[in-house]
Structure formats: C-alpha cells, structure tokens
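> using only what follows, build the 3D model:
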Amino acid sequence: MTALCLCGGIAASAQAVKRVYVDPFGNKPGAEKLHDALIEELRKSHQVVVAQSPGEADVVISGTGETWIRGYYTLNPRVRSITEAHPIYGGYLSVELKARGGETLWSYLVTPRRFGPEDIGRNLCGQIVHKLLEVVK
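Coordinates of the predicted model:
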C-alpha cells in the first residue's frame, strides 16, 4: 500500500518543503471533492502552506482519485427505499510529490480505512496528509 522511496539528496529536498501546490486530480467521479478535501486537510495541518500556483510552490502534489457508492445500509431491515438508507462509500487516492523539475520525490496510494457513511474525502485525504507530513518533517 505504501510506495516510498527517498534516497540521499531526494530526502533532503523533500524535507525542505514549505509551500505545496495541489494539481487537479482529473475528471473521475469524486476527484474534484478529493482535491478540495486534500487542500483543506493540508491547510488544517499548519505545517505547509498551500500555494495558488505551481510557480509559487516548492513541490507539486499531483495524482488521481475516485469515489463511488458501494452499497447502502439501514438499521431497519424492512426499509427498501434507498432514500431512507445510508450510503457506504468506496474509493482510492494516489498522489505523487514532485520537485520543480518534475522528479518524483514521494508517492502513496490509499484506500478507505473503514467503510461507512462518513466523509470519504476526509478518510482518504487524512491518511495522505498524515504520511506526507511524516516525510517533510
């Protein structure tokens, strides 16, 4: 589940990260919400600053992600209507941390830690930000 390769000079450049830019994640279902959730989680961390453009950033985070509804659940077995059931979400998020020259410094892939009706974006992006901040400390 983890793809982490920081060697020599690459580790030093990843640890010098103060400003990051997050590229759009494409047009798959849920990708825009994952992009926004990742930016929100990065801002809440207060350890890095989210730049408005790639030129202002030390590194660029790019990737792809998708979310979908895996099914529905309800506490009442007699309920057959989807409108009264809670959705169970699934998805994935894969990101790469790239230097200004386009060299990949770090990459990571996450899937939901648990399935349920909670915010899938926060679930996936929280995992990414946690691992990213460990690398840039």
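> now the residue nearest to Tyr92 when sequence neighbours are not counted: how far from Ile88?
Spatial nearest neighbour of Tyr92, chain neighbours left out: Thr111 (5.1 Å); criterion: CB to CB, 6 or more residues apart in numbering. Quick note: C-beta positions are derived from backbone N, CA and C, even for glycine. Using CB to CB, to the nearest Å, Thr111 is found at 14 Å from Ile88.
> Three-state assignment for Leu109, please.
Here Leu109 takes the strand state, with states given by DSSP: H, G, I helix; E, B strand; the rest coil.
> go ahead and confirm it touches Glu96.
No - assessed by CB atoms under 8 Å, Leu109 is found out of contact with Glu96, at 10.1 Å.
> can I get the longest helix seen in the chain as PDB, trimmed to CA atoms?
Counting residues, the longest helix found in the chain (DSSP state H) is helix 120-136. What follows is helix 120-136, C-alpha atoms only, in PDB (Å, rounded to 0.1, in the frame of the first residue of the first chain):
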ATOM      1  CA  ILE A 120     -14.800   9.600   2.200                       C
ATOM      2  CA  GLY A 121     -12.700  12.600   1.300                       C
ATOM      3  CA  ARG A 122     -11.600  13.200   4.800                       C
ATOM      4  CA  ASN A 123     -10.900   9.500   5.300                       C
ATOM      5  CA  LEU A 124      -8.600   9.300   2.200                       C
ATOM      6  CA  CYS A 125      -7.000  12.700   2.400                       C
ATOM      7  CA  GLY A 126      -6.400  12.500   6.100                       C
ATOM      8  CA  GLN A 127      -4.300   9.400   5.500                       C
ATOM      9  CA  ILE A 128      -2.300  11.100   2.700                       C
ATOM     10  CA  VAL A 129      -1.600  14.200   4.700                       C
ATOM     11  CA  HIS A 130      -0.500  12.200   7.800                       C
ATOM     12  CA  LYS A 131       2.100  10.300   5.700                       C
ATOM     13  CA  LEU A 132       3.100  13.300   3.700                       C
ATOM     14  CA  LEU A 133       3.800  15.300   6.900                       C
ATOM     15  CA  GLU A 134       5.900  12.500   8.300                       C
ATOM     16  CA  VAL A 135       8.100  12.700   5.100                       C
ATOM     17  CA  VAL A 136       8.500  16.500   5.100                       C
END
